[in-house]
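Trainee: I need the structure of the sequence given here:
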Amino acid sequence: MPKPTLTSRRARSNQSRLGVFVALLRGINVGGNNMINMRALKESFENSGFTHVSTYINSGNVIFTTKEVDPRKLEKKVETVLAKDFQLDGKVVVRSLSEMAALVKSLPSTWTGDSSYKYNVMFLRHTIDSEKILDEMPIRPETEALEYRPGTLLWAAQASQLNQTSMVKLSSRKIFQDMTVRNLNTTRKLYELMKKVDPAS
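Mentor: Prediction:
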């Protein structure tokens, strides 16, 4: 019987290694709609085979580990779980720890967290993930700024001028159904929580 090669041993090791991910749910617990208890959501993920499950705040952010490495497959699985357990027909965005690390590292130096500004990270589903999306989202440069990063759009505006930005009407556009928005503080916090997960424990 041939001895396993170094490559085959590494392949098996990668298959058994748990990856850290975050599932970003759309429109959870907003305006009295799509109400989901976070404890119930956590239990639902655990019952579906995910491990090291935790949630952050009430807007549908679930950190977990799994052997699956394909975010697209994970999105489909989570969407199936939400439909089965909560009758929720919504799209989900899943990001790995490495993707979140790259995103946080790439945030503009001007994003200081100044309370007089609004900073939003728009997480894009793969169906619309392209720098060309900027052409579909014209902004008003005098009141707002918009930048593309792989998988995301970074939007900033002065809090006092939100009503004068183009993004104020974003939720009414079809493209909004393929993205989910988190503010700067939530994005950074999710990354910090993901880093603390020890898949080996």
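Trainee: Nearest residue to the residue nearest the centre of the chain in space, ignoring adjacent ones along the chain?
Mentor: Note on the chain: the residue nearest the mean C-alpha position is residue 24, at 4.2 Å, using CA atoms, centre = their mean. Among residues not flanking residue 24 along the chain, residue 93 sits closest, at 4.4 Å (CB to CB, 6 or more residues apart in numbering). C-betas here are computed from N, CA, C, even on glycine.
Trainee: With residue 26 instead?
Mentor: residue 180 (4.5 Å).
Trainee: Against which helices or strands is the host helix or strand of residue 102 packed?
Mentor: With elements taken from DSSP states H and E, the one containing residue 102 is helix 97-105. Contacts defined by 3 or more CB pairs under 8 Å, 6 or more residues apart in numbering; DSSP states H and E place helix 97-105 against strand 19-25, helix 184-196.
Trainee: What's the first helix or strand after that helix?
Mentor: strand 117-124.
Trainee: List the neighbouring strands of that next one plus their orientation.
Mentor: Strands adjacent to strand 117-124 in the sheet, as given by DSSP bridges, are strand 152-158 (antiparallel), strand 179-183 (antiparallel).
Trainee: Dump those to JSON lines, plus distance to residue 123.
Mentor: What follows is these, written out as JSON lines (distance: least, CB to CB, whole Å):
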{"stretch": "strand 152-158", "distance to residue 123": "6"}
{"stretch": "strand 179-183", "distance to residue 123": "5"}
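Trainee: can those strands go into JSON lines with extra columns for mean neighbour count?
Mentor: As requested, these are exported to JSON lines (neighbours: other CB atoms under 10 Å):
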{"stretch": "strand 152-158", "mean neighbour count": "20"}
{"stretch": "strand 179-183", "mean neighbour count": "20"}
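Trainee: which one of those strands lies closest to residue 87?
Mentor: Evaluated over the strands paired with strand 117-124, closeness to residue 87 peaks at strand 179-183, with 19.2 Å, by CB to CB.
Trainee: now the angle from the biggest helix by length in the chain to strand 19-25?
Mentor: Counting by DSSP state H, the longest helix found in the chain is helix 71-86. Computed by axes from the mean of the first three to the mean of the last three CA atoms, to 10 degrees, the angle separating helix 71-86 from strand 19-25 equals 50 degrees.
Trainee: Show me what counts as buried in helix 71-86.
Mentor: For helix 71-86, the neighbour count (16 or more other CB atoms under 10 Å) marks 71, 74-75, 77-79, 81-82, 85-86 as buried.
Trainee: do stretch 120-138 as well
Mentor: 120-125, 129, 133, 137.
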